[in-house]
Every structure is written in structure tokens, then in C-alpha cells.
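Participant: How does the following fold in three dimensions:
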Amino acid sequence: MKNNSNTSNMRENAKKHLIQPWPYASSIGSEYREFVSNGNGIYIEDTKGNKLIDGPAGMWCSNIGHRNEEIAKVMYNQAMDLSYNSPWYTSNEPSAKLSKLISDYAPGDLEHVFFTTGGSTAVESALRFIHYYNNVKGRPEKKLILCREDGYHGSTYLSASLNGKSRTSDWMNYENKNIIKLSSPKSFRIIENKSIQEFEDDLIDEFEDKISEYGPENIAAFIGEPIQASGGVIVPPKNYFKRMSKICKQNGILFIADEVVTGFGRLGHIFSSEKVFEVIPDIICFAKGVTSGYFPLGGIVISKKLIDELRSSNHSDAMFGHGLTYSSHPIGCAVALKNIELMENGILDNVLELSPIFQSKLKTLLDLPIIGDVRGEGLMACIECIADYDDTNPLSLDIKVGEIIDKHCQKLGLLLRPAINMCILSPPLILNKNDIEKIVNILREGITLAMDELKSKGIWSN
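Facilitator: Numbers count the residues shown, from 1 in each chain. From the prediction side, this is the model:
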């Protein structure tokens, strides 16, 4: 085996052998993406020595920041004690401790935890559990899943079938038979001569119409992110989730909260469903922030009521034939325990204190003519660009302006997550007021430079 130590060789290795996530056919298997060499706190550094604020916190997950020595020690110590055990016929202490801790934080009677490897497998496990649950209950026809446009739930076959981002759907196959799509709760540039309340009412009416159309006896569950993260940090109208939950209960439809992003500190709480949105789901999916990205781990928390119904059914031999090689991984669970401890010791409080400052400072960017909307909650936000305020097409700057802004911001020391005409932020939860000021200042300069570039190319004018 060749030992290639310099960046040039590593770049060539990547281009020749590494298939990156979400590639285009023209570059699949031959693409180089900039290497990140190290991270520390809220910063990452590339191989050119550029130090950048990690604006997306990796992928919504580096919640406690990079290079945390306490987490690193836990990983080492657990690996030295027990690096792995098969969950098929053994168990381990960290997973037992973590399941109890998570059930303590979960709302209502959600007290049973199944661990997976990440968000996609968490959602996949929730769907498979619900299908199994209805089969055992003698309702094999109750299989339909309601989800929403602009939602994102994963990359496995079933979880990806729930996604509402049409731009990723052209060339992949999905399970469409049992999926029903509802409208996105995104109000920006959609409401015309309506109040937010009227928009919310329309969404609820649509939900009830779909239930009437397909029949509650055929609908297994509704799944939704409390805030649609990858879709552009879409915050729903105030009472939307409470009303959706009530309708689910009235019609015997299970409510799944996908808290893969909003859980574990992003909104200042371990779980946000009840604390922020006043909803107690039947199942919560989690991942990402549970280990702050230090180890792949996810899972679902299931209502005691559902588990009790299975235990008391007439099919005691009905097996939930689902599991993963790395379910309840001892290192991942040990990392999560320490991660939650660190969050409890000041990080959650920091999020609650800084969230209003973060949101209000970002809204000062609305005076820039290319910015149409700045929205968010907690320490997650989206800046959406427009061609002009009168244009009714929300994608009127469908020229990947987000990438242009990100390019300029990176030169100034800030990494963003660009998404067509949007820039998404979800920084590590350990940032301070000065960091927020720096982020907003860089954004203002980077967006201004992007506007100048667009004008010089004749793409945009104001």
C-alpha cells in the first residue's frame, strides 16, 4: 500500500478513488472537495491554513465544537474497555445508561429507545416499527405515511421517499405508493393577501382533506421536522404542530417528530417537541447532536403505550425483524453520555441566552437589497436571496447565489451551507456574543461582494 502524505497526492487519491456524497454524473468518482485538516472549538482549518468559523457545525451536528478533550478521552477509554459487542445476543452498560437518560428527557410516556447509526436509519427504523406495529394490531392496510414538501428525512430508501426536495428526485427511485405529500409550512413569498393565521388554517384544512380522501384507517403516521432544516430552516406558524397533533390523535394516526436537527441543544433543549412546540409525539427520531458528530449514533424514542399494546397483543411470537450491526454501539453511547453532560453544564443555557441575539443580529441583514428573508429559531437560521421584492418567483435567483456568497464568506473566514438561493447557518452551540458579531459582519461583507459580482456579470441589478 502506498503512503501518500502530501496534500497533492491526497487530492489525486480522492479524485481517483473516493465517491463523494450527492455527486453529479459528470463528476462522480472524480471529484475533489477541499480537505479540512483540523478543528478547534467553533473553527475548522483547511490544508491551506485558512481558519474558518464552522457556520453549519459540520452538518448540523458539531454542537459542542471541535477538539473537545473530554469527549476524546471518553472515546479512548471506552475503546480500551469495550470497542464493540453484538447487539443480537449481548448488551453493554453505556447503552443501558443512555437509554434511561434519553427517556428521562423525552416528553410524555416516550421511554423506550432503539439506537441506530444516524438520522436516516432512525427514520427508517421508525417507519418499519410503525408498519410492524399495525401488522401486529391486525391492520395491515394501515401503511400510508403523511409528510411534507421541503422536508428532509434521510438517504435510505424509505426515509428518502419522505423527502420533499424535488431537485434531488429526478434520477433516483422512491417508494411512492405509501407516501402522501402535504404542502410546506413555509410562508415566505407564498402568502398572498392572507394572514399567517389564514395560511395556518389552509395547511390544517389540507391535512384534514387528505385524511378524508385516503381514510384514517389507511394512514399510519404523520412525520415532520419541528423546523424543516435542510429545506431552508422553515419555522411553521405558531399553533401548526399543536393542531396537527390533535388531528392525528382524533384519527388514530401516529405522530412522529423528526428531531434529528432540533434535538440535543439546537433550540436550547435536549428535545424541542414539547418545550418549544407544545406537542408530545408518539415517536421521536434523533441523531446528529446526540454525539456532536464525534461518533455516528441515532435512534428513536417510542411511547410506552405503543410498546404495551404490542406486549399485550395476541401475537406474542411476532418478531420485530429489524436491527443494525452497530445498534447500541458502546463507544457511541459513551460519547453521547458525556456530550449530554457537557450540554447540561452550561451549553443549553448558552443557547437559550444567545438565540434571541443571534436571530436579531442576523435580521439586520434585511437592509441588503438581495436579501428577501431571514428566518430561524434557536441557533439555526436561513438567509434567503431574491431578485427583487416584486418578483413572485421565490427561485428567481436560481443561479446558486448561495454558493457565490459562501465563496466570498470563506475568504473572509466563515463557512456557510449554501442551498441554491439560500445560505444556512447552524453554528456550534459554544459560540459567544463576539462570535455572533463576527459572523454577521462577515456575512454583510460577503453578501455585498456577491452583489457586486452578480452586477458585474450582468446577472442581477437593483
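Participant: CA only for contacts and neighbour counts going forward, please
Facilitator: Will do.
Participant: ranges for the helices of the stretch 351-462 of the chain?
Facilitator: Here the stretch 351-462 of the chain has its helices, by DSSP state H, counting those that start in this stretch, at 401-412, 433-456.
Participant: among those helices, which is the most enclosed?
Facilitator: Burial of the helices of the stretch 351-462 of the chain is given as mean neighbour count (mean count of other C-alpha atoms under 10 Å); helix 401-412 ranks first at a mean of 21.
Participant: Kindly spell out which helices and strands sit in contact with that one.
Facilitator: strand 414-415, strand 417-419, strand 422-425, helix 433-456 (3 or more C-alpha pairs under 8 Å, 6 or more residues apart in numbering; DSSP states H and E).
Participant: quick one, it and helix 433-456 angle?
Facilitator: Per axes from the mean of the first three to the mean of the last three C-alpha atoms, to 10 degrees, the angle that helix 401-412 makes with helix 433-456 is 120 degrees.
Participant: Nearest spatial neighbour of the most centrally placed residue in the chain, chain-adjacent residues omitted?
Facilitator: Compute the mean C-alpha point of the chain, and by C-alpha atoms, centre = their mean the closest residue is Val261, 3.4 Å away. Nearest residue to Val261 in three dimensions, chain neighbours excluded: Trp60, at 6.2 Å (C-alpha to C-alpha, 6 or more residues apart in numbering).
Participant: The one you found touches Lys288, doesn't it?
Facilitator: Yes: judged on C-alpha atoms under 8 Å, Trp60 makes contact with Lys288 at a distance of 6.8 Å.
Participant: Mind checking the pLDDT average for the helix or strand harbouring Ile71?
Facilitator: Ile71 belongs to helix 69-81 when assigned by DSSP states H and E. What helix 69-81 shows for mean pLDDT is 98.
Participant: Check which helices and strands that helix is in contact with.
Facilitator: Under the contact criterion of 3+ C-alpha pairs under 8 Å, 6+ apart, helix 69-81 touches helix 330-342.
Participant: check contacts around the residue nearest to the centre of the chain.
Facilitator: By C-alpha atoms under 8 Å, 6 or more residues apart in numbering, Val261 lies in contact with 60-61, 229, 286-289.
Participant: What residues of the helix or strand of the chain with the lowest mean pLDDT count as buried?
Facilitator: Across the helices and strands of the chain, mean pLDDT, DSSP states H and E gives its lowest value to helix 7-17, namely a mean of 87. The neighbour-count check on helix 7-17 (16 or more other C-alpha atoms under 10 Å) flags 11, 14-15 as buried.
Participant: Distance to Arg189 for these - can I get that in CSV?
Facilitator: As requested, the buried residues of helix 7-17 are exported to CSV (distance: C-alpha to C-alpha, whole Å):
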residue, distance to Arg189
Arg11, 42
Ala14, 41
Lys15, 41
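Participant: out of these, who's nearest Trp88?
Facilitator: Ala14 (35.8 Å; C-alpha to C-alpha).
Participant: can you list the residues that contact the least confident helix or strand of the chain?
Facilitator: Residues beyond helix 7-17 that count as contacts (C-alpha under 8 Å, 6+ apart) turn out to be 4, 29-32, 47.
Participant: Quickly list the domain ranges of the protein.
Facilitator: With domains defined by automatic domain parsing, the chain comprises 7-67+346-456, 70-341.
Participant: Please name whichever of those domains is nearest to Asn462.
Facilitator: domain 7-67+346-456 (7.1 Å).
Participant: Please report phi then psi for Ile44.
Facilitator: When read as degrees, to the nearest 10, the backbone of Ile44 gives phi -120, psi 160.
Participant: Mind listing the residues bridging to it?
Facilitator: Following DSSP bridges, Ile44 is listed with bridge partners Gly39, Leu52.
Participant: how close does it sit to Ala57?
Facilitator: 10 Å (C-alpha to C-alpha, to the nearest Å).
Participant: now Leu127
Facilitator: 28 Å.
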